[in-house]
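[1] Structure for this input, please:
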Amino acid sequence: MAHMNAYFTFNGNCREAMTFYKECLGGELELQTIADSPMGDDFPVELKECILNARLRSEGIIIMGTDMAPENLIKGNAVSMVLTFSSEKKLREVYHKLSEDGEASYPPEVNFYGTLFGNLTDKFGHQWLFHF
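    Here you go, the predicted model:
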């Protein structure tokens with residue numbers, strides 16, 4: 001069976017964003033800079049501390065990221081990360097953390113399906129949906 005993971009592209013702030021996500025979601029964060037990669041010698045000095053590969057693993061969640069952005073990187077609203085929780089308390093805790101300096105557009109509330117639902121755009125421009 002295949003698995004799907006979130007992969008975020010940043011423009012120089014991957015380390016900051018992935019560290020923030022770790023603070024919100026917990027787990028283990030691995031960061032590989034361009035300098036630490038086999039192709040590190042091929043890049044200019046100013047890019048060597050940029051993140052080539054990042055991976056955050058936390059309770060069944062895997063989020064990956066990079067600073068290797070194309071020149072035309074555009075943050076959009078076509079994709080959202082969905083977090084499904086086993087407790088209302090944990091949902092509200094993570095929602096509060098991820099919404100810091102972002103836009104808490106739809107705070108968690110019980111919807112017409114009878115489930116607790118909310119969404120937000122984090123301070124890095126990524127959209128998150130919350131479900132319990």
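[2] Quick check: nearest residue in space to residue 33, chain neighbours excluded?
    Nearest non-adjacent residue to residue 33, counting by C-beta to C-beta, 6 or more residues apart in numbering: residue 49, 5.5 Å away. Glycine gets a C-beta too; all of them are placed from N, C-alpha and C.
[3] Would you confirm that that neighbour contacts residue 36?
    No. Taking contacts as C-beta atoms under 8 Å, residue 49 lies outside contact range of residue 36: 9.6 Å.
[4] Can you show me the helices along the chain?
    For the chain, applying DSSP state H gives helices covering 14-25, 88-98.
[5] Now those in CSV, please, with extra columns for mean neighbour count, distance to residue 125 and mean pLDDT.
    Converted to CSV, the helices of the chain look like this (neighbours: other C-beta atoms under 10 Å; distance: least, C-beta to C-beta, whole Å; pLDDT from 0 to 100):
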stretch, mean neighbour count, distance to residue 125, mean pLDDT
helix 14-25, 19, 10, 97
helix 88-98, 16, 12, 97
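[6] Mind checking those for the one nearest to residue 60?
    Nearest to residue 60 among the helices of the chain is helix 14-25 (10.6 Å), distances taken as C-beta to C-beta.
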